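Asker: sequence and predicted structure below; questions after.
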Amino acid sequence: MQIPVATYRIQFNPEFGFAQTNDIASYLAALGISEVYASPILTPRKGSTHGYDTVDTNSINPELGGMESFEKLIEELQLHNIGWVQDIVPNHMAFDCQNHILVDVLENGSDSQYHGFFDIDWNHPYEDIRGRVLAPFLGKFYGDCLESGELQLQYEQSGLTINYYGLKYPIRIESYSQVFTYDLERLRKKLGREHPAYIKLLGVLYALKYVASGDEARERYNQISFVKRMLWELWNDSPDVKQFIEENIKVFNGESGNPESFNLLESLLGEQFFRLSYWKVGNEELNYRRFFTVNDLISLRIEEEKVFDTTHALIFQLVEEKKVTGLRIDHIDGLYDPAQYLNRLREKVPEVYLVVEKILEPQEELPLNWPIQGTTGYDFLNQVNNIFCQQSSEDEFNAIYQAFIKKAVSPQQLIDENKRLIIGKHLAGDIDNLAHLLKQISYRYRYASDFTMYGLKAALVEIMALFPVYRTYIDSNGASSSDREYMGQVINQAKKNIPNFLNELAFIEKFLLLEFDENLTEEDQNQWLHFLMRLQQFTGPLMAKGVEDTVLYIYNRLLSLNEVGSHPEHFGISLEDFHHYNQERSGQWPHVMNATATHDTKRGEDVRARINVLSEIPQEWEKHLKEWREINAGEKECVSGRDVPTPNDEYFFYQTLIGAFPFEKDEYPTFVERIKEYVIKAIREAKVHTAWLKPDSVYEDAFTQFAQRVLKDTEDNPFLQAFLPFQRKIQHYGILNSLSQTLLKVTVPGLPDFYQGTELWDLSLVDPDNRRPVDFQSRQKYLEEIKTRSESDSDGLIAELLQNPENGKIKLFLIYKLLQARKEYLDVFQRGGYEKLTVAGSLKTHIVGFARELPEQKIIAIAPRLLSSLIGEGEYPFGEQVWQETRIIPPADSTPVWRDIITGQTVEGEDTLWIRDILQKFPVALLVNVQD
């Protein structure tokens with residue numbers, strides 16, 4: 001297995017494809033990257049900016065350059081000894097006419113060769129979607145779309161389709177006769193019975209009566225192909241037949257203002273294997289599983305071996321050809337049986353580096369029986385981020401926040417309220433389906449036969465709302481102790497919350513814990529298990545939408561802590577907890593990814609690094625908050641009796657400015673526009689004053705206009721005059737936080753992952769802001785300069801970087817130095833143990849110190865933190881005047897001489913290393929023990 005030294009995430013899109021990546025291969029190699037970590041490259045919908053909406057799993061995205069360009073890129077990367085970790089999407093594909101597998105299903109229903117590929121309930125209890133797939137993509141009610149002429153029947157070479165703007169849905173072959181036999185007498189009179197074209201059309205219509213179905217699948221496809229070919233020939237060869245078809249289509253498409261004229265089209269649509277509906281119907285009545293709450297991403301039954309093999313064929317080929325050396329599995333929690341999937345994958349690609357996108361709640365552990373190298377790093381992100389939050393300020397911060405917004409706020413209450421909001425507005429159809437499944441099972445048991453849908457749904461809603469983690473992993477092999485604990489915790493609380501439904505909860509509890517009755521048949525046991533595994537697929541989307549995409553935009557106490565996988569109640573962690581976390585990873589997941597930014601993070605890594613500084617200076621933060629509120633009071637608009645922005649949104653706004661404010665003046669105009677766009681997304685996600693489902697343009701406009709006014713770039717702007725001095729102060733300490741964070745990411749157990757562009761300052765916000773183009777030319781130029789100066793004038797280079805940190809070169813320099821060290825001492829970082837080192841002295845809580853070691857090699861990492869109380873603005877944490885008697889005890893059996901890989905200086909000490917001697921030239925240190 002090729003374990004990466006360091007990965008570099010690239011977000012491919014039509015503007016940045018394989019050719020552009022080819023141009024930066026030498027830069028990545030020089031930086032110290034061993035693997036490109038690629039966003040999805042299998043063919044998505046045309047114009048996709050992210051690639052997660054796949055339409056063809058067995059071709060390379062032509063908009064990125066296709067297979068030929070991909071192979072050229074791989075050849076170039078291999079010349080630089082760079083591998084390829086590929087992000088794949090096993091859970092879903094696009095619900096789109098470009099998805100030929102889905103189109104086949106929509107056209108042929110149960111006779112499709114792909115009938116079982118998608119997670120569709122063909123036997124849904126609601127009659128109008130039984131045997132059909134709901135297609136919730138209309139912008140208004142179905143009847144309105146029909147009678148306004150927005151649904152248009154169309155004929156082309158591929159056959160008949162019903163079109164709705166850019167969407168196309170295939171008409172089943174059995175329905176063609178409705179269109180082609182309509183008023184056939186008209187054509188006979190025009191051409192006569194003996195006309196070759198008329199006779200040929202009659203032959204086609206006759207063939208339509210006897211299209212094969214059922215077991216004769218291959219014959220069916222041959223017949224359909226024949227019918228479509230004959231029709232297309234008639235269309236092209238006979239102007240009269242073409243005119244006849246066009247006239248019939250016009251009749252079927254109806255006449256606006258004449259409702260009766262749409263009866264033919266409505267009848268035709270009633271025969272199809274899809275049912276078009278208003279898009280909001282998908283939240284309440286749905287018979288297919290989606291990705292989260294996204295209607296146009298339809299889930300696969302990847303647990304079926306045929307589906308698995310078909311959708312992974314190209315990926316397995318690329319692995320076999322050694323073009324792909326690692327895989328990243330997107331949304332592992334959406335799969336029916338994650339363990340089965342991963343075991344099957346490992347059997348097919350036994351030597352590939354394998355990580356999963358998995359959100360671990362605090363204290364939650366990754367299943368140890370999964371045959372993987374770990375997660376994509378959200379758990380590390382939250383751990384490392386939290387050590388830069390001053391824990392002792394929690395009570396004071398709570399008071400400041402609640403005083404500013406003028407109310408007490410409970411994060412746990414917000415989580416509960418908003419998970420229930422998501423259940424009611426977005427997942428009602430999914431809960432309904434689970435309840436129907438449970439109801440079908442309950443009929444078979446005398447003690448459950450009287451349960452109503454109302455009672456079962458009430459119990460299910462309570463259970464899902466209380467789930468403390470994204471999902472559990474109970475399967476046919478049983479439940480782990482932690483999963484049983486989660487289930488027991490949920491049921492016990494549910495019984496307290498809804499005592500009127502104790503019988504329903506007791507019944508469901510048996511399912512959740514797989515406590516089979518003795519007389520249950522194997523078929524019954526499989527039903528129980530199926531319900532449980534189905535339930536487990538929906539707790540993740542609920543957690544993601546209710547907490548990650550809602551609460552984290554409402555509870556704004558300290559925004560740096562509101563990140564994917566975080567818990568809003570937590571306020572920092574202790575150094576002891578951080579060391580314990582790393583020690584466990586060293587033993588269990590030594591090759592896991594360490595990420596500090598991804599395409600899904602809520603804000604850039606350096607935005608968080610800045611905002612964390614506020615936790616160190618709560619009183620100063622409160623003073624400025626009050627000042628800014630007073631200055632900007634006159635800039636607010638009164639909308640429906642409330643000032644906009646509301647106090648909570650205003651609090652959110654000021655933190656965002658502090659975190660994302662640009663270093664360079666020329667970026668300011670763009671920054672203001674980015675903030676306005678971000679504000680809209682953030683308040684819609686919060687779902688308090690506006691929402692994606694029902695935008696309140698009045699509130700949104702008032703907020704963006706407020707932002708425009710208070711950020712007006714004029715010398716007499718009182719807000720900027722008051723804001724900028726404080727922001728620059730935070731900016732300085734944020735730089736130091738970022739350097740320490742970078743050191744830790746590269747040196748703790750696991751391997752560092754760098755999101756594109758973050759080798760310079762990352763002041764981006766949530767997507768799409770964090771997917772803006774990266775200026776690689778500047779980065780290449782900076783790196784070449786750093787490499788040259790490092791060899792000829794290291795001290796001068798470092799002094800210059802410290803003097804001008806705003807350009808980000810200091811961060812790039814540190815990453816370069818650390819990755820070169822990682823390559824040179826790879827065994828230590830990949831196989832070495834992790835030892836928490838004792839730090840002594842009055843400032844010991846300000847130093848993160850640990851050793852990575854093998855018997856023959858020892859390396860010490862030293863990262864300062866919480867520096868605002870130790871040094872002034874613009875100063876660096878250097879020398880005795882800062883660190884005084886603070887010292888670190890090196891590992892046993894080490895030699896007395898240590899060399900700092902970053903600066904080149906040496907430090908000596910038998911039993912003690914003084915921080916004042918180590919931190920003299922650079923804010924962090926990486927010491928290697930000199931053996932000779």
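Answerer: Yep, that arrived.
Asker: which residue, neighbours along the chain excluded, lies closest to the residue nearest the centre of the chain?
Answerer: For the chain, the residue whose C-alpha lies nearest the mean C-alpha position (CA atoms, centre = their mean) is Asp600; its distance is 4.6 Å. Using CB to CB, 6 or more residues apart in numbering and skipping the chain neighbours, the partner closest in space to Asp600 is Val564 (5.8 Å). Using the backbone N, CA and C atoms, a C-beta is placed for each residue, glycine as well.
Asker: and that neighbour, how far is that from Leu535?
Answerer: For Val564, the distance to Leu535 (CB to CB, to the nearest Å) stands at 23 Å.
Asker: between the two, which one's more packed in?
Answerer: Leu535 (24 against 19; other CB atoms under 10 Å).
Asker: show me what the helix or strand containing that one is packed against.
Answerer: Under the criterion of DSSP states H and E, Leu535 resides in helix 522-543. Packing contacts for helix 522-543, counted by 3 or more CB pairs under 8 Å, 6 or more residues apart in numbering; DSSP states H and E, involve helix 411-425, helix 428-442, helix 453-466, helix 502-512.
Asker: rerun that using 6 Å as the cut-off
Answerer: helix 428-442, helix 502-512 (3 or more CB pairs under 6 Å, 6 or more residues apart in numbering; DSSP states H and E).
Asker: those helices: which one's closest to Val710?
Answerer: Among the helices and strands packed on helix 522-543, helix 428-442 comes nearest to Val710, with 39.9 Å by CB to CB.
Asker: in stretch 22-38, what counts as buried?
Answerer: Using 16 or more other CB atoms under 10 Å as the test for burial, stretch 22-38 gives 22, 24-25, 27-38.
Asker: stretch 661-673 now?
Answerer: Across stretch 661-673, burial judged by 16+ other CB under 10 Å covers 661-663, 671-672.
Asker: now these in JSON lines, with pLDDT?
Answerer: Shown next, in JSON lines, are these (pLDDT from 0 to 100):
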{"residue": "Phe661", "pLDDT": "98"}
{"residue": "Pro662", "pLDDT": "97"}
{"residue": "Phe663", "pLDDT": "96"}
{"residue": "Phe671", "pLDDT": "97"}
{"residue": "Val672", "pLDDT": "97"}
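Asker: can you name the two of those that are farthest apart?
Answerer: Between any two of these, the greatest separation by CB to CB is 15.3 Å, found for Phe663 and Val672.
Asker: now the helices for the stretch 601-750 of the chain?
Answerer: Under the criterion DSSP state H, counting those that start in this stretch, helices of the stretch 601-750 of the chain are mapped to 605-612, 618-632, 647-660, 668-686, 697-710, 718-747.
Asker: taking helix 647-660 as reference, get the angle to the shortest one.
Answerer: This points to helix 605-612. Here the directions of helix 605-612 and helix 647-660 differ by 120 degrees (axes from the mean of the first three to the mean of the last three CA atoms, to 10 degrees).
Asker: Leu327 and His624: what is the separation?
Answerer: From Leu327 across to His624, the span is 47 Å (CB to CB).
Asker: which neighbouring elements make contact with whichever strand or helix holds Glu835?
Answerer: Assigned by DSSP H and E, Glu835 belongs to strand 833-836. Applying 3+ CB pairs under 6 Å, 6+ apart, one finds that strand 833-836 contacts helix 575-588, strand 847-854.
Asker: switch those over to JSON lines; also include mean neighbour count, mean pLDDT and distance to Leu231.
Answerer: What follows is the helices and strands packed on strand 833-836, written out as JSON lines (neighbours: other CB atoms under 10 Å; pLDDT from 0 to 100; distance: least, CB to CB, whole Å):
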{"stretch": "helix 575-588", "mean neighbour count": "16", "mean pLDDT": "96", "distance to Leu231": "62"}
{"stretch": "strand 847-854", "mean neighbour count": "23", "mean pLDDT": "98", "distance to Leu231": "70"}
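Asker: JSON lines for the ones you listed, including distance to Arg642?
Answerer: What follows is the helices and strands packed on strand 833-836, written out as JSON lines (distance: least, CB to CB, whole Å):
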{"stretch": "helix 575-588", "distance to Arg642": "41"}
{"stretch": "strand 847-854", "distance to Arg642": "45"}
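Asker: thinking again about what came up before, going on from the strand holding Glu835, what's the next piece of helix or strand?
Answerer: Downstream of strand 833-836, the first helix or strand assigned by DSSP H and E is strand 839-840.
Asker: please flag which of the buried residues of stretch 22-38 sit within strands.
Answerer: Judged by DSSP state E, these include 35-38 as members of strands.
Asker: a markdown table for those, including pLDDT and distance to Glu784?
Answerer: Rendered in a markdown table, the data for those read as follows (pLDDT from 0 to 100; distance: CB to CB, whole Å):
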| residue | pLDDT | distance to Glu784 |
| --- | --- | --- |
| Glu35 | 98 | 22 |
| Val36 | 98 | 20 |
| Tyr37 | 98 | 24 |
| Ala38 | 98 | 25 |
